[in-house]
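A.B. asks: got a structure for you, letters missing:
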C-alpha cells in the first residue's frame, strides 16, 4: 500500500482539469510502446525484402537476406513486451489452446504464428536450403548438426529442386506481403478500433501504422547494412544504398501525407474532442510530437535526403547523411508509437483534463526492461548471422 | 501411385512431415492440457470460481474490529469517516485479528497518505473536503491536528473559503468578487461545524438577482441593468450566468 501511495501522490499533483479516478494512472506504459514499434520493424524489413523478390529490384540484392534475418530476429522479440506487460508469461500458450474469437487481442497469437511459421521461416528455409546443405557437407561438429537439422536433413540440390526452391520463395513472398500488412495493420486496428478514444479511433490508423512500419523497417535495414558491411571490411555498395534511401524517401512522403491527412481531417471535423487534443499536442506532447516526431523524425531526414539528390552529393557525404537520417527516422518512429500509446491515455474521457505518465526505472515494466528488450533482437540477429551468413560470398558457387 | 509420389519435390515431403508432426503435437497438447471443465459456463474453467473462492483471505472487515476496538469504532461511526472501512487505512489485517500481538496492522502517519483521498481534484464532488496539501499546513503530519478516527478541523473555520476553496477562488476573480457569500446564502454558524445537517440557503428566484440588476433596482449606478420583463423571463438567471463567475456573452 505504501508503494501505491508513494506512486500516486506525485501524479495527483500534476493532474490538470477534470479527470476520472481510474484515469490518473496510465495502464499501458513503455512496453506497449515497444510492441507496435517492434512489430513495425518486422513488417517493414519483410516488405523491403519482398521488393527484391517480387519486383526484382537488383540493386537491393545485398540486403535481401539481411532484411529477412532482421525481420526474424525482431519477430522473435515482438511478443516479449506483451508478455512482460501482462505478466504470467508461462500461461501465454493458453491463448492458442482455447482461442477466443471475439477478442482482437487474443487473436494476435494466431496472426503472429501464421506470420512466423507460414511466411518468415518458410521463406528463409527455401531461400537458404541449398546453401545450408552445402555448408553442412563441409562442416564438422555441432555446426554441421545444427545445419542438418535446420535443413530438415534435406539433401536434394539438383537443378530441379533448386528451381522449385526459387519458385516457392516467390509464392511465399506473394502470400507474405498481405500477411505482413495483416500483421502490422492488425496492430493499428487494435488502436484504431477503440471508439471510446478519439486520439486512437480512426480508420486511417492501420494504414498509417503500416506505412510508418515500412519507413522504420527500411531505415533499420539501412543502418544494419551500413554498420555490418564495414565491420566485415567489405565495401558498401553505393547503388544499393541509394536505392534504399530513395525507397525510404518515397515511403516517408506517403507516410507524411497520410499523417497530414489524418491531422487535417481531425481539425476540419472538429469533434468535441478537438479542444483537449489540441491542448495535449501543444502541451504535454509538444516535444515528442512536434519537435521529435515531426521535425527531427520526418522533416529533417526528408530534407537532407532530398538535398543529397538535388545537389548530387559525393558518396562519402551521402553515406553520412543517409546514416544520420536513418537514425533520426528510427527515433522519430519510436516517438510516433509513444505519442499514440502514451498520448492516447494522457487525456480524460471526460475530455476535460490531462494526467501524466511516470515511467519507473526498475521492474518488469520499467525503463531497464525496455532497453533490454530493444537490445535483445540485435543479439539474436548476431547469432542468426553467424548461423546463416547472409553475405554474398558465403553463398556456395 | 508410386510415380506420383516420386514426382513430389523432396522439400514438400519434408515440410509435410514437419507439418504433420506439428499438428499432432498441437492436438495432443490441446487434448491433454485443456481442463475438462473449460467452457462449461463461459470462456474459462468452471472450477476457477471455486479456486478463487478458496484464496487466502487478507481483509477481515470492519465488523470484526468491533470486538476489541469498540472504543475506536464508537468514535468513528459518529465522525466524517464513518463510511470508511478500518482497513482502508490500516491495510489488510486478518492476521492481526487472529493473533493481535504478533501482527500489527500498518499505521499510515506520513503526509502523503491522506491526500490520496483529500488532494484537491476538480472531479471530486463539490463539498467533498479537499485541500491543496502543498500549502495546507506543510511540514506537520495530518494526525497532529486531525484525529483520523473523527476528523474535524481543529478549530472552527472562520471563512467559507476554508471548505469552499474552489468557489471562493473563482468568485474572487469575478464581477461578483465584492459581494460576500452571505449576501446570497444565509449560512447558519452551525453549517461550519456539521455542514450537511445545516445547509445554507440558495437563491431561488429571478427577482433575487433583480435586487441589483433590475432597471428600477435601488443599487449602485455602475451595476449593469437588464429589463426583467424581456431578459429571458422563462429561465432562472443561473441557467445562463454562473453566479460565482458571471459573464455576459
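C.D. replies: Cool, got the structure. Computed from a predicted structure; not experimentally measured.

A.B. asks: Phi and psi next, for residue 179.
C.D. replies: No chain in the question, so chain A it is. Recorded main-chain torsions at residue A:179 are phi -70, psi -40, according to degrees, to the nearest 10.

A.B. asks: Which pLDDT value goes with it?
C.D. replies: Per-residue confidence (pLDDT) for residue A:179: 90.

A.B. asks: What about it, how many residues nearby?
C.D. replies: Residue A:179: 20 surrounding residues under other C-beta atoms under 10 Å in any protein chain shown. Quick note: C-beta positions are derived from backbone N, CA and C, even for glycine.

A.B. asks: can you check the one 4 residues further on too?
C.D. replies: As a burial measure, residue A:183 scores 27 neighbours (other C-beta under 10 Å).

A.B. asks: Grab the nearest non-local neighbour of it.
C.D. replies: Closest residue to residue A:183 apart from its sequence neighbours, by C-beta to C-beta, 6 or more residues apart in numbering or on different chains: residue A:115 at 4.9 Å.

A.B. asks: and the longest helix seen in chain B, what other elements does it pack with?
C.D. replies: Using DSSP state H to define each element, chain B has its longest helix at helix B:10-33. Packing contacts for helix B:10-33, counted by 3 or more C-beta pairs under 8 Å, 6 or more residues apart in numbering or on different chains; DSSP states H and E, involve helix A:94-97, helix A:122-138, helix A:159-192.

A.B. asks: Point out the most buried one among those helices.
C.D. replies: Highest mean neighbour count among the helices and strands packed on helix B:10-33 (mean count of other C-beta atoms under 10 Å in any protein chain shown): helix A:122-138, with a mean of 20.

A.B. asks: Does anything pack onto that one? Which helices or strands?
C.D. replies: helix A:61-77, helix A:141-150, helix A:159-192, helix B:10-33.

A.B. asks: I'd like the next helix or strand past the longest helix of chain B.
C.D. replies: helix B:47-53 (DSSP states H and E).

A.B. asks: Give me the residues contacting the next helix or strand after that next one.
C.D. replies: Downstream of helix B:47-53, the first helix or strand assigned by DSSP H and E is helix B:62-76. Under the contact criterion C-beta atoms under 8 Å, 6 or more residues apart in numbering or on different chains, helix B:62-76 has outside partners B:82, B:84, B:85, B:86, B:87, B:93, B:97, B:100, B:147, B:149, B:150.

A.B. asks: do the same with stretch A:349-360
C.D. replies: Residues contacting stretch A:349-360 (C-beta under 8 Å, 6+ apart): A:7, A:10-11, A:14-20, A:23-26, A:29-30, A:196-198, A:272-273, A:275-276, A:279-280, A:283-284, A:342, A:345-348, A:366-367, B:122-123.

A.B. asks: Go ahead and measure how far the host helix or strand of residue A:375 is from the middle of the chain.
C.D. replies: Using DSSP H and E, residue A:375 sits in helix A:367-387. From the chain centre to the centre of helix A:367-387 is a distance of 14 Å (C-alpha atoms, centre = their mean, to the nearest Å).

A.B. asks: leaving aside the residues next to it on the chain, what's closest to residue B:34?
C.D. replies: residue A:97 (5.5 Å).

A.B. asks: Show me how chain B divides into domains.
C.D. replies: B:2-53, B:62-155 (automatic domain parsing).

A.B. asks: Would you pull up how far the first one lies from the middle of the chain?
C.D. replies: The one in question is domain B:2-53. That offset, for domain B:2-53, works out to 48 Å (C-alpha atoms, centre = their mean).

A.B. asks: Kindly report the same for stretch A:285-292.
C.D. replies: The answer for stretch A:285-292 is 20 Å, by C-alpha atoms, centre = their mean.

A.B. asks: How about the contacts made by the closest residue to residue A:185 other than its chain neighbours?
C.D. replies: In this structure, residue A:185 finds its nearest non-sequential neighbour in residue A:206, 4.0 Å apart by C-beta to C-beta, 6+ apart. When contacts are counted by C-beta under 8 Å, 6+ apart, residue A:206 touches A:184, A:185, A:186, A:187, A:188, A:189, A:192.

A.B. asks: Please repeat the previous calculation with a cut-off of 7 Å.
C.D. replies: Residue A:206 is in contact with A:185, A:188, A:189, A:192, counting by C-beta atoms under 7 Å, 6 or more residues apart in numbering or on different chains.

A.B. asks: same check, this time on residue A:23
C.D. replies: Here residue A:23 is in contact with A:348, A:349, A:355 (C-beta under 7 Å, 6+ apart).

A.B. asks: where does the chain have low pLDDT?
C.D. replies: In the absence of a named chain, chain A is used. A:1-2, A:396-397 (pLDDT under 70).

A.B. asks: ah, I was thinking of chain B
C.D. replies: B:1-2, B:126-127, B:248-249.

A.B. asks: host element of the residue nearest the centre of it?
C.D. replies: Nearest to the mean C-alpha position of chain B, counting by C-alpha atoms, centre = their mean, stands residue B:124 at 6.1 Å. Under the criterion DSSP H and E, no helix or strand holds residue B:124.

A.B. asks: Would you mind measuring from the closest residue to it other than its chain neighbours to residue B:123?
C.D. replies: Using C-beta to C-beta, 6+ apart and skipping the chain neighbours, the partner closest in space to residue B:124 is residue B:130 (5.9 Å). The spacing between residue B:130 and residue B:123, counted by C-beta to C-beta, to the nearest Å, is 11 Å.

A.B. asks: The two: who's more crowded?
C.D. replies: residue B:130 (20 against 16).

A.B. asks: how near is the more buried one to residue B:121?
C.D. replies: 7 Å.

A.B. asks: which residues sit in contact with residue B:89?
C.D. replies: B:108, B:148.

A.B. asks: actually residue A:54, sorry about that
C.D. replies: Applying C-beta under 7 Å, 6+ apart, the residues near residue A:54 are A:173, A:174.

A.B. asks: Quick check: phi and psi on it?
C.D. replies: phi -80, psi -40.

A.B. asks: nearest to residue B:18, of the helices and strands packed on helix B:10-33?
C.D. replies: Of all those, helix A:122-138 sits nearest to residue B:18, with 9.8 Å by C-beta to C-beta.

A.B. asks: what's the angle from the closest one to helix A:61-77?
C.D. replies: For helix A:122-138 against helix A:61-77, the angle by axes from the mean of the first three to the mean of the last three C-alpha atoms, to 10 degrees is 110 degrees.

A.B. asks: Check whether stretch A:272-292 comes near chain B.
C.D. replies: No - on the criterion C-beta under 7 Å from any C-beta of the partner chain, stretch A:272-292 is out of touch with chain B, staying 13.8 Å away.

A.B. asks: now do the same end-to-end measure for that stretch.
C.D. replies: 27 Å (C-alpha to C-alpha, to the nearest Å).

A.B. asks: residues making contact with it?
C.D. replies: With C-beta under 7 Å, 6+ apart, stretch A:272-292 has contacts from A:198-199, A:266, A:331-332, A:335, A:338-339, A:343, A:346-347, A:351-352, A:354.

A.B. asks: one more time with 8 Å
C.D. replies: A:198-199, A:266-267, A:331-332, A:335, A:338-339, A:343, A:346-348, A:351-354, A:356.

A.B. asks: are any of the residues you listed buried, and which?
C.D. replies: Neighbour counting by 16 or more other C-beta atoms under 10 Å in any protein chain shown classes A:198-199, A:266, A:332, A:335, A:338-339, A:343, A:346-348, A:351-354, A:356 among those as buried.

A.B. asks: which among the residues you listed gets closest to residue B:51?
C.D. replies: Using C-beta to C-beta, the buried ones among the contacts of stretch A:272-292 come closest to residue B:51 at residue A:348, 36.3 Å.

A.B. asks: contacting residues around the closest one?
C.D. replies: Residue A:348 neighbours (C-beta under 8 Å, 6+ apart): A:17, A:18, A:19, A:20, A:23, A:276, A:354, A:355.
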